[in-house]
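>>> no sequence for this one, just the structure:
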């Protein structure tokens, strides 16, 4: 029986990986199998499918998320609006919209694909490794946030200048700058500006 969102084991509210299955891929992003979430992140890491979402408000400010302290991977650090992993067989676009709603209580508006990026980022604090083939998405947020406290510690809307200041002083996820740089062309198109982004 194929693994679908209805048949997959979900994470518990404390951010642990309770036998969640991730989709393993080759260097071209073609599915080659599955692995349990925690196993896929153990060194040296297994290349798996992921997604990253960047949402902006009507002023062109980026919505950042601080990961909840209870998460098993990269707790307490700042990162892009939402990131995660599709269930095996789930379209990355659907997963990105689903997780944004689950974590932040809002559905993205005008969500659009913004390319892919492949990276290998060890996390020095947890000892885990992010070997990911990441699908990028950009869009707008037009409703009040209702963050899930088990997933999200805090949120902030930032201009490019405010992001630079925050990035210089606060801890960010190991993958943040990689996914931001890869998404910049789509971000500039969405926001209608080249200034800062």
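Looks like it came in fine. Quick caveat: nothing in here was measured; it's all calculated off a predicted structure.

>>> CA atoms for contacts and neighbours, from now on please.
OK.

>>> Give the other helices and strands that whatever helix or strand residue 53 lives in contacts.
Under the criterion of DSSP states H and E, residue 53 resides in strand 48-56. Contacts defined by 3 or more CA pairs under 8 Å, 6 or more residues apart in numbering; DSSP states H and E place strand 48-56 against strand 21-25, strand 62-67, strand 82-84, helix 92-104, strand 129-140.

>>> what would the ones you listed look like in TSV with mean pLDDT and distance to residue 177?
Output for those, formatted as TSV (pLDDT from 0 to 100; distance: least, CA to CA, whole Å):
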stretch	mean pLDDT	distance to residue 177
strand 21-25	98	22
strand 62-67	97	13
strand 82-84	96	13
helix 92-104	98	19
strand 129-140	97	13
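
>>> would you list these in a markdown table and tack on mean neighbour count and distance to residue 47?
Listed next are the helices and strands packed on strand 48-56 as a markdown table, based on neighbours: other CA atoms under 10 Å; distance: least, CA to CA, whole Å:
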| stretch | mean neighbour count | distance to residue 47 |
| --- | --- | --- |
| strand 21-25 | 23 | 6 |
| strand 62-67 | 24 | 22 |
| strand 82-84 | 22 | 14 |
| helix 92-104 | 19 | 15 |
| strand 129-140 | 24 | 5 |
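
>>> Contacts for the longest strand belonging to the chain next, please.
If you go by DSSP state E, the chain has its longest strand at strand 109-122. Defining contact as CA atoms under 8 Å, 6 or more residues apart in numbering, one finds that strand 109-122 is touched by 93, 128-142, 174-175, 178-179, 182-183, 185-186.

>>> Flag every buried residue along it.
Buried residues in strand 109-122, defined by neighbour count with 16 or more other CA atoms under 10 Å: 111, 112, 113, 114, 116, 117, 118, 120, 121, 122.

>>> Note down every partner strand of that strand and its orientation.
strand 129-140 (antiparallel) (DSSP bridges).

>>> by how many degrees do the helix or strand just after the strand it pairs with and helix 92-104 diverge?
For strand 129-140, the following helix or strand on the C-terminal side (DSSP H and E) is strand 152-158. Relative orientation of strand 152-158 and helix 92-104, computed by axes from the mean of the first three to the mean of the last three CA atoms, to 10 degrees: 110 degrees.

>>> Many thanks, have a good one.
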